[in-house]
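Novice: generate coordinates for the sequence data below:
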Amino acid sequence: DDDDDDDDNAEAGSKRKTHRQVMEEVVAKAKLHKMERQQELRENEDLIDKADEEFNAIRGLLAAASAKAEDMPLPKTDDYDRAVKTLQFESKAQATDRLKTPQEIAAEEHARLQKLEEERLRRMQGAGSTSTGALEQSADYIPDYSAQKAQKAHLALVPTKDGRMELKEVPGTSGSAVPEENEEEDDDDDDDD
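Specialist: Here you go, the predicted model:
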């Protein structure tokens, strides 16, 4: 048989292995691997058993120590200890801006009121507000230059039939932005007669 194995090895080196030979090698390797895993499992079980025995020995010591601890009275907590424990869990105060003096508060209020009064006077005089950004986005926005031209040339914004607004010369007005509708209606009545 040894001679046959040597011949097989010699032939295996010189030619390819058959399917049967390959399958026998695969099965042999699988059995070897299975045996190694079983050996590792037995070793792990032995280690676990040994650790359990050591833990049971230590558990007796722990039980004795905890029984002694239960027998000892707890130290009494006084007001100071309770206050310290409650303060540990409270949220910390956040830094704030410094407080202003009464003079600083009065100066800011005076400046705010003065600004509001200036805006009120501008509105009263018809100059519009200082913030033109919001006004420019509205549908009622008329640029300043067209309003000035309209006043000088006696022009007014007149709605057209399609809903748009146009600047048209209005005779006999003193620069008002909107012509009086009563005059046009009177003219229509005169035409019917």
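Novice: in stretch 110-125, what's buried?
Specialist: Neighbour-count burial for stretch 110-125, with 16 or more other CB atoms under 10 Å as criterion, is recorded at no position. To be clear about C-beta, it is placed using only N, CA and C from the backbone, and glycine gets the same treatment.
Novice: could I get the average pLDDT for that stretch?
Specialist: Over the span of stretch 110-125, the pLDDT mean works out to 93.
Novice: and the next element down the chain from the longest helix belonging to the chain?
Specialist: Ranked by residue count and defined by DSSP state H, the top helix of the chain is helix 19-71. Reading on from helix 19-71 to the C-terminus, the next helix or strand found by DSSP states H and E is helix 79-88.
Novice: against which helices or strands is the following helix or strand past that next one packed?
Specialist: Counting by DSSP H and E, the element after helix 79-88 in chain order, helix or strand, is helix 102-125. The criterion is 3 or more CB pairs under 8 Å, 6 or more residues apart in numbering; DSSP states H and E, and there are no helices or strands that helix 102-125 contacts.
Novice: element containing Cys156, please.
Specialist: Actually, residue 156 is Ala rather than Cys. Ala156 is located in strand 155-159, with elements delineated by DSSP H and E.
Novice: partners of that strand, with directions?
Specialist: Using DSSP bridges, the strands paired with strand 155-159 are strand 165-169 (antiparallel).
Novice: CA atoms only: put the strand it pairs with into CSV for me.
Specialist: Once non-C-alpha atoms are left out, strand 165-169 reads as follows in CSV (Å, rounded to 0.1, in the frame of the first residue of the first chain):
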residue,chain,number,x,y,z
MET,A,165,-52.4,102.6,-14.0
GLU,A,166,-51.1,105.3,-16.4
LEU,A,167,-49.9,108.8,-16.0
LYS,A,168,-52.2,111.2,-17.9
GLU,A,169,-52.4,114.9,-18.1
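Novice: now do the buried residues in that strand.
Specialist: Neighbour counts using 16+ other CB under 10 Å place Leu167 of strand 165-169 among the buried residues.
Novice: any idea of the mean pLDDT for it?
Specialist: The average pLDDT for strand 165-169 rounds to 74.
Novice: try stretch 24-31
Specialist: Rounded to a whole number, the mean pLDDT of stretch 24-31 is 96.
Novice: and for Leu157, the neighbour number?
Specialist: 18 (other CB atoms under 10 Å).
Novice: beta partners for it?
Specialist: According to DSSP bridges, beta-bridge pairing links Leu157 with Leu167.
Novice: would you mind measuring from it to Glu166?
Specialist: Between Leu157 and Glu166 the computed distance is 7 Å (CB to CB, to the nearest Å).
Novice: again with Arg16
Specialist: With the distance defined as CB to CB, Arg16 ends up 100 Å from Glu166.
Novice: fine, thanks again, bye for now.
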